[in-house]
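model the following, please.
(chains A, B, C and D)
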Amino acid sequence: MTGPHEEVRIGVYICHCGSNIAATIDVGAVSKYAATLPSVALARDYKYMCSDPGQELIQKDIQEYKLNRVVVAACSPLLHEPTFRNATARAGLNPFFCHMINIREHGSWVHEDQVQATAKAKAMVRGAVGRVALHKALEKRKAPVNPQVLVVGGGIAGIQAALTLANAGKKVHLVERQPTIGGHMAQFDKTFPTLDCAACILTPKMSQVNQHPNIKLMTMTEVVKVDGYVGNFQVTVRKKPRYIKEDLCVGCLDCIEACVFKEGKFEDDFNLGLNKRKPVYIPFPQATPKLVVIDPESCLQLMKGKCKQSCVAACERAAIDFSQKPMEEVLTVGSIIVATGFKAFDPARTPYYGYGVYPNVYTALEIERLVNASGPTGGDIVLRDGRRPSAIGIIHCVGSRDHRTNRWCSRVCCMYSMKLAHLLKEHSGAEIYNFYIDIRAPGKGYEEFYERLLEEGVHFIRGRVAGVNDWAVTKEEEGRLVIRVEDSLAGFVRRIPVDMVVLSTGLEPHADAQEVRRMFNISCSGEGFFLERHPKLAPVNTNTDGIFLAGCCQGPKDIPDSVAQAGAAAAEALALIDHGYVEMEPMTSYVVSDDCSGCKTCLNMCPYNAISRDEEKGVAVINEALCKGCGVCVSACPSGSIVQNLFEDKEIFREIEEVLAYG
Amino acid sequence: MVENWEPRIIAFFCNWCTYTAADLAGVSRLKYEPNTRVIRVMCSGRIDPQFVLAAFAHGADGVLIGGCHPNDCHYLEGNYKALRRARLMRRLLSDMGIEEERFRLEWISAAEGEKLREVVNDMVSKVRALGPLNLPSRFKEWDREVEVLQKEIEANSGGVDTCLTNQKLVSIGVPLAGVAKSQSST
Amino acid sequence: MKKYSYFPGCSLKGLGRAYEESFLAVCKALNIELKELEDWNCCGATAYMAIDEHHAVALATRDLALAEMNSTEDLLAPCAGCYLVLNKANKYLAKYPRIGGTVRQALAEEGLKYEGRIKVRHPLEVLLNDVGLEAIQQKIKSSLRGLKVAPYYGCQIVRPYAVFDDQYNPTSMDKLIEATGAKVVEFALKTKCCGGSLTGTLAKVGQEMCFNLLHEMKRRGAQVVATACPLCQFNLEVYQREIAARHKEDVRLPILYFTQLIGLALGLPKKALGLQRQIVAADRIPAECRAENPI
Amino acid sequence: MLRIEREIRYEAERDRSFADEIKKMPGCELMDRCIQCGTCSGACPVSIFMDYTPRKVIELTRSGFKQDVLKSTTIWLCASCYACTVECPKQIGITDVMYALKQKAIEEKVYPPRFPIPVLAREFFKMVRAKGRIAETKLAILLFLKTQFLKIFGMQRLGIDLLRTGRFSPFSLIFPESMKDPAKLTRLIDRLDAKLNSRELEARLESGNPSRPCCPGGAK
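Numbers count the residues shown, from 1 in each chain, chains lettered A, B, ... in the order given. Predicted coordinates:
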């Protein structure tokens, strides 16, 4: 370790990153320049600093040349600073004597003028050299990791993650907004490309979740607040009243039978309004937990307080409780897996396809229910007007690949459209047309499935449908829906009359994704899906340690990918737990009591109430455990008596001075 | 000399949003002006008005501060602090005769690589149009006032950030201690 | 008393003069004051874009400059073509400095200056938003109750710029027609193009496009069609004989301007509304309507 | 009898600068985004008459098959209804691309002789330049005289109708609708041309592009 009076000897390392940096920045010149800077003992440029030889080079130099500071100019510190700090540490030097600057993402990749890019790199290196000389040795604090995990969202991703963790013996809290887990997958009929029934593969997992000793399932529950940090989160959840005592209800459904409404009268969300339910209902037969729920929007008792409550009479176990109120609970967990899923695109935003105008235009999700044996029609393909279709058009990319709606490809529509094409043909014998822009079948067995459909005689017409309407030109078009499209392979426009139109709607983020994101303190990418820390190397991590992503909340995915990602997220959480403790970045702030005038300015600056006032000494004190290291108090302190580790005023002033000292 | 003059802009980026946005711009290979000198801080709320003045004092032609959008601050509200201070800075800078285009605060989220490019390019072109600031050379005119100030400081010592070795900086460091005080209580 | 500048455009002085007559009459009745641009020139229509974007923008900008230099009021352009071209010029001046610069220089040398302040608006929007349905309904003297009207918007009012109405399913004219007591006929081709100048240049093409419209409107039970563009009105009306011959189908259907319908409901004299200029006389509308309607 | 011709295209036949020239025109900037989905063709009310669908025209244009594009009927059939433009999922100004291509075709005079549409454009241009306004009926008659002379007799009924209803008077053929002082506009256009030509010159000096006649058919 370097004592206060020991001479500062800095080693500067410029990375070529192959040609990524070297092609635009004259790395040789940069290292030559670095060598001329005060207290620089040596400067090198090397092909791949992050490679093992690159790291060993640093370690060797530290020992041979008695270096006590290291500057690495390479890619983003967010990517590799840990790498080089570890290398530094391996050579017996305090890792925080290593400073990294970014000449790739902020240099070679964004600038074309080699002279100026090189100048910028030199200036930045000079700034780093200046600042690193002032660095102090710092120690990371260790904090224990709470072994419990919170999984948010009970779709297939959340279920998979929860089961994996529970099977590894960890306690899991699974929180689901809806009255039942299962998510979108529970609504699907079959799954592509194998056509095995969704319920058959999903419901066993659902009941495992329900029965697993290590899983605490909380339905009708939402996260409302997240405090704490990796290893030690305090999460507040709010449970909406189900108006059913969950411990008493056995799901006999007698209450539904007994309800004063003899017929279902209200839109059944699970079947997307294709049939009606009563105020007291169970979303679907295999709902998990198998409990009824009472809808306060339609129950007479809950709306008007007037009802003869035949349901209460019918319930032998007296499980019905109209007095239930929302309840809040605080969970303490070490890590969180966010698996909040997606929202299906609302075709009202594509008026030219006539959804909501023409009753026989359906969304894909509606068809999933329509073809389902336990669906509203028992799997019978009957149109809203009671007729049976003799021709059906399936329109791909509705709300995808379109600047007016969503720019991205939703990844699953091609495959599920083909699945629905197969099922609709099987159930109705109708003539089926698929209208696609490009067929995207990049999964295992997917292309083969496409081939199978071609052989089944399903029509594939390459063209994005311009419009659906009831304008009839020919006799056969009278009274039907006409799809107008260019058959772009044949090269002419066609008018195709059909009886049923299916809109293959894309996947998009939940309407409240932004609020959720803020609550968990994670980011969204441009289109609004949650942002992973690195698109390739950290696909389930977020910018907030201890919070991981699984499933479609991170981007459109099919079931296999969601399940795989859920496994990965669970593994990350396990790694964290089994590591036992987390190292806290040491960038916290402390008060130099002698300089503190006790003016209290800083107290209300701190968003985490980490600063208190020692009334005896009359000075401010910072609780290191609570401090997250933003440094707001430092810049607010009138007497400059608060210091932030690694971002000390003098370090930053020096950096400013030095980057400007060049050229 | 001035023919091949290039503006130099000190860019203070917060670690969580704007610095990441700059990384994204890089990964997306968006090309923009190479005139910024990026200094990373954990939060835009860490940026002390003195940093901004130090930058100008050492010859920066512009200062750009990038933080998270309102409500998106990784530290809950640091960006609001930055905003308040920025408002104050503007007044102070205009008093010092520094054009407002030379100082800019922008909210740029981790997803807005494109915005980062636009902001940098726009600012560079505006500063380029203004020409060099050359604050250091202006100090000569101010030296007299500086000496006066200097005496006052010695009189009621303390308050001055000792790390400011540069004598001229000390001189403007002083009113700043004041600035920091007044704004932090804003 | 609402005030606007007014750009009639060539058609309203020519084949579409009934549009101007009825529009002016209706404005008078709803006390809207119009000030016609002094010595305006042709907006350039669509033909000009096919020749040179600078010329096209220059023509339109001259008119905008005249409007800006002589008043601060919005500029009304009843002809859908003019309406689009003038709006487009505004967009181009803002979006393409290269074009804007050259055009403005040329204008300057002619002592003209345009800073881009003029808002170009269509009568549909003005009647709907500035005057308002209530105000119109109050002035209705003889309701058109029972009359089945197909509102035909054509292209250029809502495309490419959807300024005041929905691009895919506009409803501003529907509302105005309902205000007269008439019934709106729903049909899918409200904004389908009538063929524009193709009827003149390539009759076969143009007339088939008109046929599709007339056929569909009739099929939906329309007794009269309301238009908001002189070219649409012309195409749909004057070729009906040829179209009928070409497609062996009776497509006779009176084609009015929406302003004429409103005028009738306001009880204005037919002559003032230029109804005598109809080739397909509007009084072919069935008796039961004539009974309770002024037509 | 069956006419057999080779349909293959060689790279040498591509005009590599063509796409860039078009992309320079206002509204055409985003052409490269096209994913060939055919929405434009489906939305187009005239595509049923076109030899190439709008989608194909975009593809041919961006690949530089200039002659195929400029010779196609598509660019002339476009009625500027903007359906394609508002429907395009990639926000390409297809209508503007068609305008750009019309300009090129007129510039290079690649269209059938007596083909009415470019003639209309030219007559329109001349009339505006001379009178500042358009007398539709006169324009129509001119058009027929120059393109489909015989058709004009088929139009008598229409003419009579228009006379009967007072929508046009033969008088207007001699004294057509006009600005009070059309010279104002003529001067404006000349000044503009002067600027454009000088700009053309600069452009030519830089790149070897051939000059563009500032208005078609040497109308001036």
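
shaky segments in the chain?
The chain I'm using is chain A. Where chain A drops to pLDDT under 70, the residues are A:1-5.

wait, chain C
Counting by pLDDT under 70, chain C has low-confidence residues at C:283-295.

now swap in chain B and tell me
B:1-3, B:158-186.

please enumerate the strands of it.
With DSSP state E, the ranges of strands along chain B come out as B:9-14, B:36-41, B:62-67, B:103-107.

the stretch 1-150 of chain C too?
If you assign secondary structure with DSSP state E, counting those that start in this stretch, the strands in the stretch 1-150 of chain C sit at C:2-6, C:32-36, C:75-76, C:120-121, C:148-152.

mind listing what the residue in chain B that chain D sits nearest to touches?
Per CB to the nearest CB, the residue of chain B with the smallest distance to chain D is residue B:114, at 15.5 Å. Just so you know, the C-beta spots here come from the backbone N, C-alpha and C atoms, and that holds for glycine as well. When the contact criterion is CB atoms under 8 Å, 6 or more residues apart in numbering or on different chains, the partners of residue B:114 are B:25, B:28, B:30.

residue D:86 too?
When contacts are counted by CB under 8 Å, 6+ apart, residue D:86 is found next to C:159-160, C:162, C:167.

next: residue A:214.
For residue A:214, the set of contacting residues under the criterion of CB under 8 Å, 6+ apart consists of A:165-167, A:169-172.

dihedrals phi and psi, it?
Note on residue A:214: backbone dihedrals following degrees, to the nearest 10 are phi -90, psi 0.

per-domain residue ranges of chain D.
Here the domain assignment for chain D is D:14-107, D:116-174, based on automatic domain parsing.

between those, which gets nearest to residue C:172?
Distance to residue C:172, taken as CB to CB, is lowest for domain D:14-107 among those, at 16.9 Å.

quick one: end-to-end distance for that closest one.
19 Å (CA to CA, to the nearest Å).

residue in chain C with the shortest distance to chain B?
Using CB to the nearest CB, residue C:97 is the residue of chain C that sits closest to chain B, at 14.3 Å.

now that residue: how far from residue A:626?
As defined by CB to CB, to the nearest Å, residue C:97 lies at a distance of 55 Å from residue A:626.

what about the two, which has more around it?
Counting neighbours by other CB atoms under 10 Å in any protein chain shown for residue C:97 and for residue A:626 shows that residue A:626 has the greater number, 15 against 10.

give the contact list for that one.
Per CB under 8 Å, 6+ apart, neighbours of residue A:626: A:608-610.

do the same with residue A:259
Remark: with contacts taken as CB under 8 Å, 6+ apart, residue A:259 is in contact with A:278-280, A:310-311.

let's see that with 10 Å instead.
Contacts were defined as CB atoms under 10 Å, 6 or more residues apart in numbering or on different chains; by that measure residue A:259 touches A:265, A:277-281, A:292, A:294, A:299-300, A:307, A:309-311, A:314.

ok but residue D:176 is inside a helix, no?
No: secondary structure assignment (DSSP: H, G, I helix; E, B strand; the rest coil) places residue D:176 in coil, not in a helix.

what's near enough to touch whatever residue of the stretch 51-200 of chain A ends up closest to chain D?
Here the residue of the stretch 51-200 of chain A nearest chain D is residue A:112; by CB to the nearest CB that distance is 19.9 Å. Residue A:112 sits next to A:24, B:31-32, B:34 when contact means CB under 10 Å, 6+ apart.

now with 7 Å, please.
Contact partners of residue A:112, counting by CB atoms under 7 Å, 6 or more residues apart in numbering or on different chains, are residue B:31.
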